[in-house]
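>>> next come a sequence and a model predicted from it.
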Amino acid sequence: MSESQTVQARPDIDIDSDLHELVKAYPPLQADRHHLHISVSNGQVQVSGHVKSPMTRRFVETRFGSVAGVKNVQLDGLYDDETLRLAAGKLVPPGALVTSDYGTLVLAGVVEAGAREALIKQLEGIAGVKRVVAGFRD
């Protein structure tokens, strides 16, 4: 008589606990933890929010996928400030500076008064940008 074995799926709460332990164990991610949202459903992990660097984003991608019971890690909603800053930097004219802080772009420097509103709208259209704060000089 043959016995059939059923593979027991790992409870989502245990997976979630292991993921949060990884967050605590990696200092750059620990610093970003208040800007990170993690959810687990049937072994499917959804990560969204903002981290400071592409390296930290890669850590999430590789290490979260290696946790027992994780079937897939979805990072479509996870952004890093360095990538946002570089994308924004392609749009700002010479004389303007841009930084990113967890999805908030901060603009400074000199931008022609008539071009400011259009520039801000363009920057707000970058995926991952939550808001744009401008402190232009005249």
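In hand now; what should we look at?
>>> report all helices and strands that the helix of greatest length in the chain contacts.
In the chain, with assignment by DSSP state H, the single longest helix is helix 12-25. On a contact count with 3 or more CB pairs under 8 Å, 6 or more residues apart in numbering; DSSP states H and E, helix 12-25 meets helix 27-32, strand 36-41, helix 54-65. Yep, even glycine has a C-beta here, placed from its N, CA and C like the rest.
>>> please redo it, this time with the cut-off set to 10 Å
Helix 12-25 sits against helix 27-32, strand 36-41, strand 44-51, helix 54-65, with contacts defined as 3 or more CB pairs under 10 Å, 6 or more residues apart in numbering; DSSP states H and E.
>>> need the winner for burial among those.
strand 44-51 (a mean of 20; mean count of other CB atoms under 10 Å).
>>> that one pairs with which strands?
strand 36-41 (antiparallel), strand 72-80 (parallel) (DSSP bridges).
>>> dump those strands to CSV, plus distance to residue 26 and mean pLDDT.
Formatted as CSV, the strands paired with strand 44-51 follow (distance: least, CB to CB, whole Å; pLDDT from 0 to 100):
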stretch, distance to residue 26, mean pLDDT
strand 36-41, 11, 98
strand 72-80, 14, 98
